[in-house]
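Participant: mind folding the following:
(chains A, B, C and D)
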Number of protein chains: 2
Amino acid sequence: MSERSSERTVRADAQRNIETLVRTARDVFATSGVEAPMREIAEKAGVGVGTIYRNFPQRSDLIAAVFRSEVDACADAATSLAEAFPPGEALDRWMQRYVDFIVAKRGLAAALHSGDPAFEALPAYFDSRFEPALQRLLDAAVTAGEIRPDANPYDLLRAVASLCMPSSNGDPSAARRLVALLVDGLRYRASGPQDTSVSPLHEHDQMPSKSSHPD
Amino acid sequence: MSERSSERTVRADAQRNIETLVRTARDVFATSGVEAPMREIAEKAGVGVGTIYRNFPQRSDLIAAVFRSEVDACADAATSLAEAFPPGEALDRWMQRYVDFIVAKRGLAAALHSGDPAFEALPAYFDSRFEPALQRLLDAAVTAGEIRPDANPYDLLRAVASLCMPSSNGDPSAARRLVALLVDGLRYRASGPQDTSVSPLHEHDQMPSKSSHPD
DNA sequence: CTCTATACGGAACAACGTTCCGTTTAACAA
DNA sequence: TTGTTAAACGGAACGTTGTTCCGTATAGAG
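Facilitator: Numbering: from 1, shown residues only, chains lettered A, B, ... in the order given. Coordinates of the predicted model:
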């Protein structure tokens, strides 16, 4: 074994299977729901069920792995967007990306509250990835004078998640509009180049009177 | 069979079993969670599983029946409390009763978002029972000059539910205090005996003396 | 190449939701 | 009361699930 003493040797096929499994499970959960049978995932991934259970001792471990992987993908998108677009647009685009994440992962989010100990660390992971990511986008937009300086990422993440919940309103497109409205709200009283009509999706002046937090 | 045209003949033992089952299922769900096996419920109720499935063709139907029954109990409590206490105190007590309901039924609430068609009508039932119940309590308190007139039951119900959710904060006693604070907020600018002291945390320390430690 | 720790596949097991059917019984008529 | 019958009963049996087990295959070191 020529590996570092601090790291276990992982056989290449095993590593490949782990990645394939998480990807396959993500797709199967998206089409068949989180309660899709393990056998279906194993079959679609081209492995036996034993292979799943060696890497993910419980079903919930696989779900948690998928969740973490999707959180990573969404958080990493913040970096890419920040490099590819000016601060304000990067913020816009990431918020809509985050809406997609929340809407797509509603099924998983419901499972999070099931009390399974495998999910206990996920909310903290969620925050640890999303808060800094959004903070950086906000800071950049503030520095560019595109938004006001008093927004905090925690509240924004929670507010958007609330707006996307079915108890708030079941329609995803409504959620997108409301979130766009929310982000436009950040532009009010920005310090930079004064531009009163900013957002691309700006044809509705209905403000949510009170921000409740359903669900 | 001599049956009334509008009403089906229901054998007495069947009726008894239905009631026993809903009561038993409520208790089992409370102690073992919503995913408790049907066999356990059947055994504890002293019936066979067949008896459950005749009255509740699907597992989710039994869950829905328990949910409805608990909604009824909580909504009916509003009437009893309104008769037994002055309007302001009745409102206080019912809100805490409602907190108990929300906290106890978190597990069921999570199941509601599972997409099962048996649960589709439950949110509407929830509103149809709780909104009028709370409206009556609010009206009485407004008439007595104990609270301000601009509270609406829908917002209040949603707000309290949010405060009780683990994402907001996991501690039930914190939820109770926050809800008490919320209700005290309603008293600000009431028309009746003026209370200009803004300190919202009066002696509203209804300590949860119950021995139950949920979660 | 050989060797072996590691990973593999899928049959087997346990526990679940649900169905089925022979047996019991409540309710009514005589 | 007794006889009759539709309704309700219990619980074995069925199909599907999560999970375990173990004989087999193979990646990687020497």
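Participant: where does chain A have low pLDDT?
Facilitator: Counting by pLDDT under 70, chain A shows low-confidence ranges at A:1-8, A:166-170, A:189, A:192-215.
Participant: what does it have sitting close to DNA strand C?
Facilitator: Applying CB under 7 Å from any atom of the strand, we find that chain A lies next to DNA strand C at A:9-11, A:13-14, A:17, A:46-51, A:53-55. Backbone N, C-alpha and C define where each C-beta goes, glycine included.
Participant: make a ChimeraX selection of the buried ones in those residues.
Facilitator: Remark: buried members of those, expressed as a ChimeraX selection using 16 or more other CB atoms under 10 Å in any protein chain shown:
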select /A:17,47,51,55
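Participant: tell me the domain boundaries of chain A?
Facilitator: A:10-57, A:67-215 (automatic domain parsing).
Participant: pretty sure A:L81 sits against A:R97.
Facilitator: Yes - look at A:L81 against A:R97 with CB atoms under 8 Å: they come within range, at 7.5 Å.
Participant: between those two, which has more neighbouring residues?
Facilitator: Taking other CB atoms under 10 Å in any protein chain shown, A:L81 and A:R97 do not tie; A:L81 has more neighbours (19 against 16).
Participant: please identify the helix or strand for the more buried one.
Facilitator: helix A:59-84 (DSSP states H and E).
Participant: okay, and whichever residue of chain A sits closest to DNA strand C sits in which element?
Facilitator: Closest contact between chain A and DNA strand C, by CB to the nearest atom of the strand, is at A:G50 (2.0 Å). Using DSSP H and E, A:G50 sits within helix A:49-55.
Participant: need the contact partners of that helix.
Facilitator: Identification of contacts with helix A:49-55 by CB atoms under 8 Å, 6 or more residues apart in numbering or on different chains yields A:14, A:17-18, A:21, A:38-39, A:41-42, A:45, A:62.
Participant: switch the cut-off to 7 Å
Facilitator: A:17-18, A:21, A:38-39, A:41-42, A:62 (CB atoms under 7 Å, 6 or more residues apart in numbering or on different chains).
Participant: is it in proximity to DNA strand D?
Facilitator: Yes - with CB under 7 Å from any atom of the strand as the measure, helix A:49-55 is seen reaching DNA strand D through A:49-50, A:53.
Participant: would you state the helices of chain A in chain order?
Facilitator: A:12-32, A:38-45, A:49-55, A:59-84, A:87-104, A:106-112, A:122-143, A:153-164, A:172-187 (DSSP state H).
Participant: nearest to B:A159, of the ones you listed?
Facilitator: Nearest of the helices of chain A to B:A159, taken as CB to CB: helix A:153-164 at 11.8 Å.
Participant: now for the closest one, which elements pack on it?
Facilitator: With contacts defined as 3 or more CB pairs under 7 Å, 6 or more residues apart in numbering or on different chains; DSSP states H and E, helix A:153-164 has these neighbours: helix A:87-104, helix A:122-143, helix A:172-187.
Participant: what does chain A have sitting close to DNA strand D?
Facilitator: For chain A, the residues in contact with DNA strand D (CB under 7 Å from any atom of the strand) are A:1-3, A:9, A:11-13, A:35-39, A:49-50, A:53, A:57-60.
Participant: now do 10 Å
Facilitator: By CB under 10 Å from any atom of the strand, the part of chain A that sits against DNA strand D consists of A:1-3, A:9-16, A:32, A:34-42, A:48-54, A:56-63, A:116, A:118.
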